[in-house]
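[1] how would this look folded up:
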Amino acid sequence: MFFGSRVLDVTNFKHPGPQKLISDALNTDIQEDYTEQAHSGYADELLNQLTIGYLPEKVGHTRLTNEHFMNGLSKEEEEIHNWLDRNIDLKKPLLP
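    Predicted coordinates:
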């Protein structure tokens, strides 16, 4: 379960309301629903305790750099990057 960029471990969490709210929200971002319900300060503290990590910031398309070449890439590296950019869409799954 996620709260914005925070990853929550709710394995042993017992919701004071319907537990189905938790099971239905697994693998989703609950931030909007949580905020709309105006939870207590205690609930906010529980979020801190349940946080086990953070999602990386938006992953963008970046290239490796090489300080020995004007544009950062040798001609061969530039050709490889161009081929990858044309042939591989990293937004799609690599395996079916």
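[2] neighbours of N82, just the number please.
    N82: 11 surrounding residues under other C-beta atoms under 10 Å. For every residue, glycine as well, the C-beta is placed using N, CA and C.
[3] same thing with the one 4 residues further on?
    The number of residues packed around R86, counting by other C-beta under 10 Å, is 8.
[4] which residues does it contact?
    With contact set as C-beta atoms under 8 Å, 6 or more residues apart in numbering, R86 has no partners.
[5] does it sit in a helix, a strand or a coil?
    Using DSSP: H, G, I helix; E, B strand; the rest coil, the structure places R86 in helix.
[6] can you list the domains in this protein?
    Using automatic domain parsing, the domain parsing of the chain gives 2-54, 60-90.
[7] so where's the chain uncertain?
    Scanning the chain with the threshold set as pLDDT under 70 gives 57-73, 94, 96.
[8] grab the nearest non-local neighbour of the residue most central in space within it.
    Residue closest to the mean C-alpha point of the chain, counted by C-alpha atoms, centre = their mean, is L55 at 3.8 Å. Using C-beta to C-beta, 6 or more residues apart in numbering and skipping the chain neighbours, the partner closest in space to L55 is S5 (4.6 Å).
[9] give the burial count for the one you found, as a bare number.
    Neighbour number of S5 under other C-beta under 10 Å is 14.
[10] ok, now how distant is it from I88?
    According to C-beta to C-beta, to the nearest Å, S5 stands 26 Å off from I88.
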